[in-house]
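J.: what's the 3D shape of this:
(one chain, ligands or ions: 3)
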Amino acid sequence: MFDFTATYTDQYQLAMAQVYFENGHKDHRSVFDYFFRKLPFEGGYAVFSGLEDLLEIIENLSFDKKDIAYLEQTGFSEKFLNYLRDFKFQGSVYSVKEGDVVFPTRPVLQIEANIIEAQIVETLLLNLLNFQTLIATKASRMRLVSGDRHLLDFGLRRAQGPGGYYATRAAITGGFDGTSNVVAARNFDIPVSGTMAHSFVQSYDNEIDAFRSFAKGRPENCVLLVDTYNTLNSGVPNAIKIAKEMEERGQKLLAIRLDSGDLAYFAKESRKLLDKAGLEYVKIAASNQLDEYVIKSLLEQQAPIDIFGVGTNLVTGNPDSALDGVYKLAESNGKPRIKLSESLAKVTLPHKKQVFRIKNSSGQCVGADAIGLRSESRIEEMFHPFEPYKSMKLQNFEQEPLLHEVMKNGKSLVEKQSLKDIADYSLSRLAELPIEYKRFNNPHIYKVGISSALREDRDKLIKEYKQLS
Ligand SMILES: Nc1ncnc2c1ncn2[C@@H]1O[C@H](COP(=O)(O)OP(=O)(O)OP(=O)(O)O)[C@@H](O)[C@H]1O
Ligand SMILES: O=P(O)(O)OC[C@H]1O[C@H](OP(=O)(O)OP(=O)(O)O)[C@H](O)[C@@H]1O
Ligand SMILES: O=C(O)c1cccnc1
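T.: Residues are numbered from 1 along each chain as shown. Ligands and ions are numbered 1, 2, ... in the order given. Coordinates of the predicted model:
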């Protein structure tokens, strides 16, 4: 869709890269962690999304002629530009599987590459993963409250510009069933569908003529929008007449759509009218500024709505405009690295790492992930990162390693999956998560701890760097 080249980055990455290049650091192997610090929507979990796109894009990343000419104009050195002409990401990536549930402060993904490659892909990585993870999380919250009702993404017109393209992909990984977004549906192989706009009804002299011509022209999966003039006095009765005409032609009206007013009331009244006319099979779709709270409330009111069309609140991640994912250096040229901060929670973790999901013997997640060194295959006890007396013994638990090598020497190791497979995987991971982490109000806080080996090394580094400063 968008033509990604290696200039899809922030200028400072290239400035640092030139200096690494000219100071003989270009082959320094570096390890970076991708993680976020705060869960969106005051929720208890996030759904990781965007990995396949990221791998596909970085596998093919290069600077084209126009990029090089532009960088020349903006003052980059000739020698460095010659190096960039042959730039290719040749590093490795370790990551949580796309669709998994993830939590703050623990690595979701690690990049190992020479320092120039690792810096150049940082912005792209954060841009793709932060956005898609935000939207997939929002979608997943709507999926959780909707049971098996159909969820459709209607958001392209309300999205932050072309971001709507990836928002649709993320919505599907988070559990939506389909989209109105034609280009995303085509490129990501997503079920596409749609109803009709008010303008269509308005453009005819009367509602019934509009419905009749639409039903004749597009009888397959036909949905009639019933709220342009008067939902219960004209929209639904007219839709019933058209449904009966369709029956005479051996066709079936799929649904009516409600787009304003009290959706619970109108859905109940419309259902009664449809059923009374023997049209039990005609479904009810609803739209209009829906989100997880409105859907939950509508279902608590027993609104007989089968299909929800969601736009604005889904694709903009309302009310959270961004996920605060960051990319921090953990190792450079064979040495562990740390970033100190006044705020303890912002001190980073050095080294190549592994993250373990802690589970009981029946495979149920107990609400904890433990971070260890990559060389550790199990963790005996995990410690609160900064509260020395808080710890949890892990000997009796199952420990599932979450970071898998997904790219080696610049080649992706993951087989392309359908978005439906990613969404199914996400649902299965959510099912392992106890309900307390999934509620909307004050969800339980998921524990993230570190192994004693990692804690020891981190504390040693903190001391060393404090002495230097
Ligand atoms: N029964 C309901 N319970 C909870 N929320 C609802 C219910 N019905 C509608 N809503 C939600 O209330 C919000 C506002 O709806 P409201 O009826 O005020 O405006 P409207 O129908 O958009 O008006 P307009 O006719 O101008 O389109 C929307 O987000 C809608 O999804
Ligand atoms: O409310 P959202 O969750 O953002 O969902 C998308 C909205 O976009 C459409 O309205 P719009 O007025 O743009 O077009 P219309 O003429 O088809 O109603 C649709 O009818 C929904 O109300
Ligand atoms: O198909 C629809 O009904 C639709 C599509 C986009 C936005 N609103 C509604």
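J.: can you give the domain ranges for this structure?
T.: In terms of domains, the chain is parsed into 11-135+321-468, 138-315 (source: automatic domain parsing).
J.: could those be laid out in CSV, adding mean neighbour count, mean pLDDT and distance to residue 2?
T.: C-beta here means a position set from N, CA and C on the backbone, and glycine is covered the same way. Compiled in CSV, these are given as follows (neighbours: other Cβ atoms under 10 Å; pLDDT from 0 to 100; distance: least, Cβ to Cβ, whole Å):
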stretch, mean neighbour count, mean pLDDT, distance to residue 2
domain 11-135+321-468, 18, 96, 9
domain 138-315, 19, 98, 7
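J.: which one of those lies closest to ligand 1?
T.: Shortest distance between ligand 1 and these, using Cβ to the nearest ligand atom, is found for domain 138-315: 3.3 Å.
J.: with ligand 1 in mind, check whether the closest one reaches it.
T.: Yes. Domain 138-315 reaches ligand 1 (Cβ under 6 Å from any ligand atom) through 260-264, 288-290, 294, 297-298, 301.
J.: quick one on the thing from earlier: dump the domains of the chain into TSV; add distance to ligand 2 as well.
T.: Formatted as TSV, these follow (distance: least, Cβ to the nearest ligand atom, whole Å):
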stretch	distance to ligand 2
domain 11-135+321-468	14
domain 138-315	3
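J.: nearest to residue 5 among those domains would be which one?
T.: Of all the domains of the chain, the one in closest proximity to residue 5, counting by Cβ to Cβ, is domain 11-135+321-468 (5.4 Å).
J.: could you dump the residues of domain 138-315 next to ligand 1 to TSV with distance to residue 127?
T.: Conversion of the residues of domain 138-315 next to ligand 1 to TSV gives the following (distance: Cβ to Cβ, whole Å):
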residue	distance to residue 127
260	36
261	39
262	40
263	35
264	39
288	31
289	27
290	27
294	30
297	34
298	34
301	39
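J.: how close does the spatially closest residue to residue 337 that is not a sequence neighbour sit to residue 28?
T.: Ranked by Cβ to Cβ, 6 or more residues apart in numbering and with sequence neighbours excluded, the top spatial neighbour of residue 337 is residue 329, at 4.9 Å. When distance is defined by Cβ to Cβ, to the nearest Å, residue 329 is 11 Å away from residue 28.
J.: please apply the same query to residue 45.
T.: Following Cβ to Cβ, the distance that separates residue 45 from residue 28 is 36 Å.
J.: need the residue closest to the centroid of this protein.
T.: Central residue of the chain (Cα atoms, centre = their mean): residue 133, 2.7 Å from the mean position.
J.: do I have it right that that residue meets residue 51?
T.: No. Contact between residue 133 and residue 51 fails when scored by Cβ atoms under 8 Å: they sit 9.6 Å apart.
J.: hey, what's in contact with both of the two?
T.: Listed contacts common to residue 133 and residue 51 are nil; contacts here mean Cβ atoms under 8 Å, 6 or more residues apart in numbering.
J.: returning to what we had before: ok, the residue nearest to the centre of the chain - contacts?
T.: Contacts were defined as Cβ under 8 Å, 6+ apart; by that measure residue 133 touches 36, 46-50, 102, 170, 323, 325.
J.: in strands, which of those appear?
T.: Secondary structure assignment (DSSP state E) places 46-47, 102 from the contacts of residue 133 within strands.
J.: out of these, the closest to ligand 3 would be?
T.: Relative to ligand 3, the closest of the ones in strands among the contacts of residue 133 is residue 47; by Cβ to the nearest ligand atom it sits at 23.4 Å.
J.: I'd guessed that closest one sits against residue 101; true?
T.: Yes. When contacts are counted by Cβ under 8 Å, residue 47 is listed as touching residue 101 (6.2 Å).
J.: any common contacting residues for these two?
T.: 426, 430.
J.: who is the closest residue to residue 32 other than its chain neighbours paired with across the strands?
T.: Distances taken as Cβ to Cβ, 6+ apart place residue 111 nearest to residue 32, at 4.7 Å, with adjacent residues excluded. Residues found in beta-bridge contact with residue 111 (criterion: DSSP bridges) are residue 32, residue 93.
J.: and the gap between residue 111 and residue 126?
T.: 11 Å.
J.: over to residue 10?
T.: Note on residue 10: its distance to residue 126, by Cβ to Cβ, is 10 Å.
J.: and what of residue 245?
T.: Distance of residue 245 to residue 126, given as Cβ to Cβ: 54 Å.
J.: likewise residue 9?
T.: From residue 9 over to residue 126 the distance is 10 Å, taken as Cβ to Cβ.
J.: if we can go back for a sec, overlap in contacts of residue 111 and residue 126?
T.: By the contact definition Cβ under 8 Å, 6+ apart, residue 111 and residue 126 are jointly contacted by 34, 327.
J.: sec struct for residue 356, please.
T.: At residue 356, secondary structure determined by DSSP: H, G, I helix; E, B strand; the rest coil is strand.
J.: now do the same contact list for it.
T.: 369-372, 378-379, 399-402.
J.: who touches residue 339 in this structure?
T.: Residue 339 makes contact with 328-329, 346-348 under the criterion Cβ under 8 Å, 6+ apart.
J.: didn't residue 222 look like it was pressed against residue 212?
T.: No. Residue 222 lies out of contact with residue 212 (Cβ under 8 Å); the separation is 11.0 Å.
J.: got the residues of this structure near ligand 3?
T.: By the criterion of Cβ under 6 Å from any ligand atom, the positions of the chain lying close to ligand 3 are 154, 180, 194-195, 287, 309, 311.
J.: out of these, the closest to residue 238 would be?
T.: Sorting the residues of the chain next to ligand 3 by distance to residue 238 puts residue 195 at the head of the list, at 15.0 Å, by Cβ to Cβ.
J.: please report how far the closest one lies from residue 469.
T.: If you measure residue 195 against residue 469 using Cβ to Cβ, the figure is 62 Å.
J.: residue 357 now?
T.: According to Cβ to Cβ, residue 357 and residue 469 sit 36 Å apart.
J.: ditto for residue 54
T.: Counting by Cβ to Cβ, the gap between residue 54 and residue 469 amounts to 35 Å.
J.: what does residue 369 give?
T.: Looking at residue 369 against residue 469, where the rule is Cβ to Cβ, the gap reads 31 Å.
J.: okay, and residue 211 sits in which element?
T.: helix 207-217 (DSSP states H and E).
J.: against which helices or strands is that helix packed?
T.: Counting contacts by 3 or more Cβ pairs under 8 Å, 6 or more residues apart in numbering; DSSP states H and E, helix 207-217 packs against helix 198-203, strand 223-225, helix 236-248.
J.: now the longest helix along the chain: how far from the chain's centre is it?
T.: For the chain, the longest helix by residue count, based on DSSP state H, is helix 122-146. Between the mean C-alpha point of helix 122-146 and the mean C-alpha point of its chain there is a distance of 2 Å (Cα atoms, centre = their mean, to the nearest Å).
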